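Enquirer: Got a sequence here, can you model it:
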Amino acid sequence: MISEFVQVTNQALVKKYGVIMSLEQLSEVLKMSLRKTKEKLKHGNLNINYQHEGNTYIIPTIEVAHYIHQPKIKLVREKKNFIF
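Expert: Numbering: from 1, shown residues only. Alright, predicted model coming up:
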(Lines give C-alpha, C1' and ligand atoms only; values in the text may rest on other atoms or scores of the structure.)
Protein backbone atom coordinates (compact mmCIF):
# COMPACT_ATOMS: atom_id res chain seq x y z
CA MET A 1 0.00 0.00 0.00
CA ILE A 2 1.35 3.38 -0.99
CA SER A 3 0.97 6.18 1.54
CA GLU A 4 -0.89 9.34 0.61
CA PHE A 5 2.32 11.36 0.97
CA VAL A 6 4.13 9.15 -1.56
CA GLN A 7 1.17 9.37 -3.96
CA VAL A 8 1.09 13.17 -3.84
CA THR A 9 4.87 13.41 -4.29
CA ASN A 10 4.75 10.91 -7.16
CA GLN A 11 1.99 12.87 -8.92
CA ALA A 12 4.01 16.09 -8.67
CA LEU A 13 7.18 14.39 -9.93
CA VAL A 14 5.34 12.67 -12.81
CA LYS A 15 3.79 15.98 -13.82
CA LYS A 16 7.24 17.59 -14.01
CA TYR A 17 9.49 14.71 -15.17
CA GLY A 18 7.27 11.89 -16.47
CA VAL A 19 7.10 8.30 -15.20
CA ILE A 20 10.80 7.67 -15.91
CA MET A 21 13.53 9.99 -14.68
CA SER A 22 17.07 10.50 -15.93
CA LEU A 23 20.14 10.69 -13.74
CA GLU A 24 20.25 14.46 -14.29
CA GLN A 25 16.65 14.84 -13.15
CA LEU A 26 17.28 12.68 -10.07
CA SER A 27 20.29 14.86 -9.22
CA GLU A 28 18.10 17.95 -9.50
CA VAL A 29 15.39 16.51 -7.24
CA LEU A 30 17.88 15.33 -4.61
CA LYS A 31 19.92 18.54 -4.87
CA MET A 32 23.16 16.61 -5.41
CA SER A 33 25.83 16.88 -8.01
CA LEU A 34 25.57 14.50 -10.94
CA ARG A 35 28.82 12.79 -9.92
CA LYS A 36 27.69 12.29 -6.32
CA THR A 37 24.29 10.93 -7.40
CA LYS A 38 25.92 8.48 -9.79
CA GLU A 39 28.34 7.28 -7.08
CA LYS A 40 25.59 6.82 -4.51
CA LEU A 41 23.43 4.85 -6.95
CA LYS A 42 26.37 2.69 -8.02
CA HIS A 43 27.37 1.83 -4.44
CA GLY A 44 23.79 1.25 -3.27
CA ASN A 45 23.72 4.21 -0.85
CA LEU A 46 20.44 5.42 -2.33
CA ASN A 47 17.61 2.98 -1.79
CA ILE A 48 16.28 3.47 -5.33
CA ASN A 49 15.75 0.67 -7.86
CA TYR A 50 16.97 1.56 -11.35
CA GLN A 51 18.17 0.08 -14.63
CA HIS A 52 21.49 0.94 -16.22
CA GLU A 53 21.52 0.55 -20.01
CA GLY A 54 24.84 1.66 -21.53
CA ASN A 55 25.20 5.33 -20.58
CA THR A 56 21.52 5.70 -19.67
CA TYR A 57 19.99 5.37 -16.23
CA ILE A 58 16.29 4.46 -16.14
CA ILE A 59 14.82 5.50 -12.80
CA PRO A 60 11.08 5.02 -12.10
CA THR A 61 9.59 8.18 -10.62
CA ILE A 62 7.64 6.18 -8.02
CA GLU A 63 10.97 4.89 -6.65
CA VAL A 64 12.15 8.46 -6.15
CA ALA A 65 8.88 9.37 -4.39
CA HIS A 66 9.34 6.38 -2.05
CA TYR A 67 12.94 7.39 -1.38
CA ILE A 68 11.96 10.96 -0.52
CA HIS A 69 9.58 9.72 2.17
CA GLN A 70 11.87 7.06 3.68
CA PRO A 71 13.15 7.81 7.15
CA LYS A 72 16.74 8.98 6.89
CA ILE A 73 19.29 7.91 9.48
CA LYS A 74 22.25 10.17 10.05
CA LEU A 75 25.23 8.89 11.90
CA VAL A 76 26.57 11.55 14.21
CA ARG A 77 30.01 11.23 15.65
CA GLU A 78 30.10 11.84 19.35
CA LYS A 79 32.72 14.21 20.67
CA LYS A 80 34.61 12.59 23.50
CA ASN A 81 35.35 14.84 26.41
CA PHE A 82 38.69 13.98 27.84
CA ILE A 83 39.58 15.22 31.29
CA PHE A 84 43.29 15.45 32.05
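
Enquirer: in this structure, which helix has the most residues?
Expert: In the chain, taking DSSP state H as the definition, the longest helix is helix 4-17.

Enquirer: Name every strand pairing with the next helix-or-strand element following that helix and say which way it goes.
Expert: Following helix 4-17 in sequence order, the next helix or strand is strand 20-21 (DSSP states H and E). Here strand 20-21 has these sheet partners by DSSP bridges: strand 56-60 (antiparallel).

Enquirer: Residues touching the partner strand, excluding its own?
Expert: 19-23, 25-26, 38, 41, 48-52 (Cβ atoms under 8 Å, 6 or more residues apart in numbering). For the C-beta atoms, the positions are set from N, CA and C on the backbone; glycine is no exception.

Enquirer: quick one: the helix or strand that that strand is followed by to helix 4-17, angle?
Expert: Later in the chain than strand 56-60, the nearest helix or strand by DSSP H and E is helix 61-68. Relative orientation of helix 61-68 versus helix 4-17 (axes from the mean of the first three to the mean of the last three Cα atoms, to 10 degrees): 130 degrees.

Enquirer: distance between helix 61-68 and the chain's centre?
Expert: Put simply, helix 61-68 sits 7 Å off its chain's centre (Cα atoms, centre = their mean, to the nearest Å).

Enquirer: Now do Lys16, the pLDDT please.
Expert: If you check Lys16, the pLDDT there is 97.

Enquirer: same deal with Lys79?
Expert: Taking Lys79 on its own, its pLDDT is 57.

Enquirer: same deal with Leu30?
Expert: With respect to pLDDT, Leu30 has a value of 95.

Enquirer: Thought Lys38 was touching it, still the case?
Expert: No. Between Leu30 and Lys38 there is no contact under Cβ atoms under 8 Å: 11.5 Å.

Enquirer: Tell me how far the closest residue in space to Ser27 that isn't next to it in sequence lies from Leu26.
Expert: Among residues not flanking Ser27 along the chain, Thr37 sits closest, at 4.3 Å (Cβ to Cβ, 6 or more residues apart in numbering). Using Cβ to Cβ, to the nearest Å, we find Thr37 at a distance of 6 Å from Leu26.
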